[in-house]
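*Asks:* Model the structure of this input:
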Amino acid sequence: MAELLSRLTSCLAAYRPVAVQTHDYPDIDAVASAWGLASLLCRRGFSVACCYRGELRSRSLRILVDELGIPLDQAREDEPKRQLIVVDGSPGNGNVSLVAGELVAVLDHHCESGEAIAPFLDLRPDLAACSTMIYGYWKEAGMEPPSDIATALLAGIQSDTDFLSRSCSDEDFAAYASLYRAGDWQLASRVVRTVLDIGELGLIVAALGEARVQDGILFAFVRGPCGQEALAVLAEFALRAEELSAAAVAVEDEVGIHFSVRSKSPIVSAFCLVRSALEGIGSSGGHSHSAGGVVPKDMNPGEDALRDRFFKAAADAAGRR
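*Replies:* Numbering: from 1, shown residues only. As a prediction, this is how the structure comes out:
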């Protein structure tokens, strides 16, 4: 994987602005990766900004952005001449709504379900975090990221691996060790550890009480506004039940229905489950152990239909084995 940075920069025109875009509704790993790559390209003489679509639904991410002063803007449509680099997502996977501009590169570590087309592609689903990829670019440049960027990249790996408790590659471990020394690991750990509003605790309990289970799959709907962390906590907590192999948790807001999906099954991956369940009505992305998705408000078929879609998707996946 040598000379990736050199290949990437050779695809960029020095006189045109660059936008590093995350996947829609970004998480910590996406924003850390975007900032890390943008900062590195700025040191190479490019004019670079970080942007995203959707909203920041993660309270932990908003805290990280504020504490580190990460320059992050919602996407604008008035710069059609800019060059686009997508990180931690892919238009081919349906989880990135591209802003105006020319797509030059895609850097992603998620499961692949669609073909990504761009002059430069760095697709590595064997890695646990996109932040690991970006740290590799800094190493290729012969530099260590400054403390604030190292802290963000460390937080990205911590977040996507649940503090190395999920499957990781040797490269993820090596990046984690280096960033642990270079950044503020205490700040990264404090921010990444789930931040809940006390009111969300009651919502989680109520959602568990109303949850439906079929063939080892739990489906729960949170009745009230909550952050993405509350969904993840509920889905991951549910999997502590020995009888459950996967959990899908949803909440509705003004945008639509947001999902957090977790799986501990070698048969039914979270990525395939949410993609199959939301096919034709929404977008999704993620990994075999964790994934997420969103159904726009005008495409919402109703709670019962959504639940049935997940149960059917799980049954279909099990039947194909």
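*Asks:* rest of the way, CA atoms for contacts and neighbours
*Replies:* Will do.
*Asks:* in the stretch 51-200 of the chain, which spans are strands?
*Replies:* Applying DSSP state E, counting those that start in this stretch to the stretch 51-200 of the chain gives strands spanning 73-74, 83-87, 102-108, 120-123.
*Asks:* So, low pLDDT: which residues of the chain?
*Replies:* Applying pLDDT under 70 to the chain picks out residues 1-2, 94, 112-115, 194, 320-321.
*Asks:* Tell me where the longest helix sits in it.
*Replies:* With secondary structure taken from DSSP state H, the chain has its longest helix at helix 303-320.
*Asks:* so what does that helix touch, helix or strand wise?
*Replies:* Applying 3 or more CA pairs under 8 Å, 6 or more residues apart in numbering; DSSP states H and E, one finds that helix 303-320 contacts strand 217-222, helix 270-277.
*Asks:* got the buried residues for it?
*Replies:* In terms of neighbour count (16 or more other CA atoms under 10 Å), helix 303-320 has its buried residues at 306-307, 309-315, 317.
*Asks:* swap in stretch 91-107?
*Replies:* Going by 16+ other CA under 10 Å, stretch 91-107 has these buried residues: 91, 93-107.
*Asks:* One more: stretch 199-207?
*Replies:* Buried residues in stretch 199-207, counted by 16+ other CA under 10 Å: 200, 203-204, 207.
*Asks:* Could you pull up the contacting residues of Ser288?
*Replies:* Ser288 is in contact with 111, 263, 269-272, counting by CA atoms under 8 Å, 6 or more residues apart in numbering.
*Asks:* Widest-spaced pair of these?
*Replies:* Pairwise distances across the contacts of Ser288 (CA to CA) peak at 14.4 Å, for the pair Cys111 and Ser263.
*Asks:* which of the two has more neighbours?
*Replies:* Taking neighbours as other CA atoms under 10 Å, Cys111 and Ser263 compare with Ser263 leading, 25 against 20.
*Asks:* Wait, that one touches Val249, no?
*Replies:* No: in this structure Ser263 lies outside contact range of Val249 using CA atoms under 8 Å: 11.8 Å.
*Asks:* ok so, going back, Throw the strands of the stretch 51-200 of the chain into CSV and include distance to Gly293, thanks.
*Replies:* Below are the strands of the stretch 51-200 of the chain laid out as CSV (distance: least, CA to CA, whole Å):
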stretch, distance to Gly293
strand 73-74, 19
strand 83-87, 17
strand 102-108, 17
strand 120-123, 20
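*Asks:* Out of those strands, which gets nearest to Asp184?
*Replies:* The closest of the strands of the stretch 51-200 of the chain to Asp184 is strand 83-87. By CA to CA, the value is 23.3 Å.
*Asks:* Listing partners with orientation, what would you give for the closest one?
*Replies:* Sheet pairing for strand 83-87, assigned by DSSP bridges, gives strand 18-21 (parallel), strand 102-108 (parallel).
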